[in-house]
Every structure is written in C-alpha cells, then in structure tokens.
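Trainee: no FASTA, just this:
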DNA sequence: TTCACTCTACGAAGCAGTTCGTAGTCATCG
DNA sequence: CGATGACTACGAACTGCTTCGTAGAGTGAA
C-alpha cells in the first residue's frame, strides 16, 4: 500500500467519532458531530474516505456501517511524524519539547513520561 | 489581531528558509528550496503571505527583502496546539506520548525532558 | 397499492492552495 | 539611446476539500 495521504480536517473529525463510538452508520456519525443538516455532507465524506481507504464499509445491510481502517494510535503517529517533518526538521524530539511547553501534564501523564525516560536510560546502559 | 490561520505546507517550507537564513530575497528563498523554475511561485507565495501577515516585506530597495513575522517557536507551538486539538482531543500531553513513541531522543534531549520533568514536580509541591 | 420516510449516490458550486506564464518596470552596460 | 537581464505584479488554470441539493431506490404502515 502506498503512503496514505494525511487525513484532512473534516476527515479527522469523522475518524474521531468512529474511534470513540466504534463502527457507526452515517446517521450516528452525523448526529455525533452535532452540526445541523450535515447528513449528506457526512455521507459524501465517508464515501470519499472509503475510496481513499481511510474507512471500511460494511454493506451487508441496507444501512451501511463504517469503521476506521487504521487505529487511532497509528494515525496519531503518522500525524506527529508529518508535523515533525514539516515544522521541526524531522525531529520528533524537538516537537516534544515544544509540546511540553504548551501545557501542563496530569500526574498520570507525568508518570508515563517518567517511565519512558527510565526506558531510554535503560537502553543507553 | 484575529487568530491567524495555520500556515499551509508551501508556506511552512518558505518560513523554514526564512527562519534558518534570516531575512531573504525571493531569489535566495527560491534557490534554497532547490526546486527548478520555482522563482515566480515563491514570489507569489511571499506576496500572499505578506497579505496574510505571515511575513513582512522591506520594500526600501528595489529587490524586496522578506522576513518571518512570527518566530519559529511561536509558530511551532501554534501547530502543536492545532494538532492536539484536531487529533488528540486537545491534549498536548497525549500528543507528547505519541511523539515519544515515534523516535528515540538524543542525550541532550533526554536531559531537557528530565529538566522539564523536575520543574513539573517542583510546581506540584 | 400508495404514501411517507430513510437511505445511497452523485453532480455541482464555492473556496483555498499551488503553479506557471506573461507583462511591465527599472537599472546597467555598450 | 537601445538592448539585456533581473525584478515585481498579476491573471488564469488546476487541484483538492467541503458543502449542499436532488434524484432514485428500498421499506413499512395504512
């Protein structure tokens, strides 16, 4: 499979619904996004996304059911990589530095970072 | 000033040149991007970016000199925030987690992260 | 059957981003 | 002066994204 193009904003909004709600119909996605009269817009987007391979469609019932083709994590990593390339000279670490400056972390998140740090030092031994 | 729209890919490529080379002429930017026959394309982009307020133009000489209107850091943070909003439910910390998974860090970067971690724990006291 | 409702499909418009060709201006050199 | 070359300005084409309107098919109730 060729390198998939980065999802657009509207596509990402839909993927977010699919990731959090699981496989969904057009109506379910449209209602979750909360916008009025968005039904055919969401339908069209899902059709396009099916063509791009971003989502998969179950057509066994008359009302089709869509699900994200790639996991949230995998997509997030792709986007991080993409941003690192475009704005940080390819350095994910420099991206991390700026992200750390943006917002304080919760205790859980701090713990995760500490854990990651320990692993890094482990590997360096 | 209203919230500036996120720079596009082509705009970011130009900003990267301006950040690393400092104020530059169209020709200097065009040569740095390395693409053939890109001159008028770069010129047009710089004109558009001037209109958007992304760059500032010194017209005192016949050959104009452009410089980035915002710092690299500020722009990077904006982009991080934007990506956090679009793909991480607004959580920069979750973005950090994925970014850490993407690539190993250098010793310097590890040290910076450790320093940041210490500051966080300080504030929590 | 007929009506109302829901669904899919799709065309088309509008807009932004990107690229390129062309025109016109200005400075310099012979 | 006249030619050459570098510069700015700008229109126009092309593409991709997003939105919406409309058509047509399936479903089920009266």
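Mentor: Noted; the coordinates are in hand. Model, not experiment: these values are computed from the prediction.

Trainee: which residue ranges form the strands in chain A?
Mentor: Assigned by DSSP state E, chain A shows strands spanning A:55-58, A:65-68.

Trainee: Give me the below-cutoff pLDDT ranges for chain A.
Mentor: A:1-3, A:124-125 (pLDDT under 70).

Trainee: residues from it in reach of DNA strand C?
Mentor: Proximity of chain A to DNA strand C, by Cβ under 7 Å from any atom of the strand, involves residues A:25-27, A:39-40, A:43-44, A:47, A:62-64. Every C-beta, even on glycine, is put in place using the N, C-alpha and C of the backbone.

Trainee: Distance-wise, check residue A:83 relative to DNA strand C.
Mentor: With distances taken as Cβ to the nearest atom of the strand, to the nearest Å, residue A:83 is found 14 Å from DNA strand C.

Trainee: repeat for residue A:19
Mentor: Relative to DNA strand C, and taking Cβ to the nearest atom of the strand, residue A:19 is found at 19 Å.

Trainee: Wait, that residue touches residue A:68, no?
Mentor: Yes: counting by Cβ atoms under 8 Å, residue A:19 touches residue A:68, with 5.8 Å between them.

Trainee: Just want to know which of those two has more residues nearby.
Mentor: residue A:68 (21 against 16; other Cβ atoms under 10 Å in any protein chain shown).

Trainee: Which residue, other than its chain neighbours, is closest to the more buried one?
Mentor: Among residues not flanking residue A:68 along the chain, residue A:18 sits closest, at 4.4 Å (Cβ to Cβ, 6 or more residues apart in numbering or on different chains).

Trainee: Quick one: neighbours of that neighbour, just the number.
Mentor: 22.

Trainee: cool, and residue A:14?
Mentor: By the criterion of other Cβ under 10 Å, residue A:14 has 25 neighbours.

Trainee: what do you get for residue A:32?
Mentor: Other residues lying near residue A:32 total 17 when counted by other Cβ under 10 Å.

Trainee: ok, now which ones touch it?
Mentor: A:17, A:21, A:24 (Cβ atoms under 8 Å, 6 or more residues apart in numbering or on different chains).
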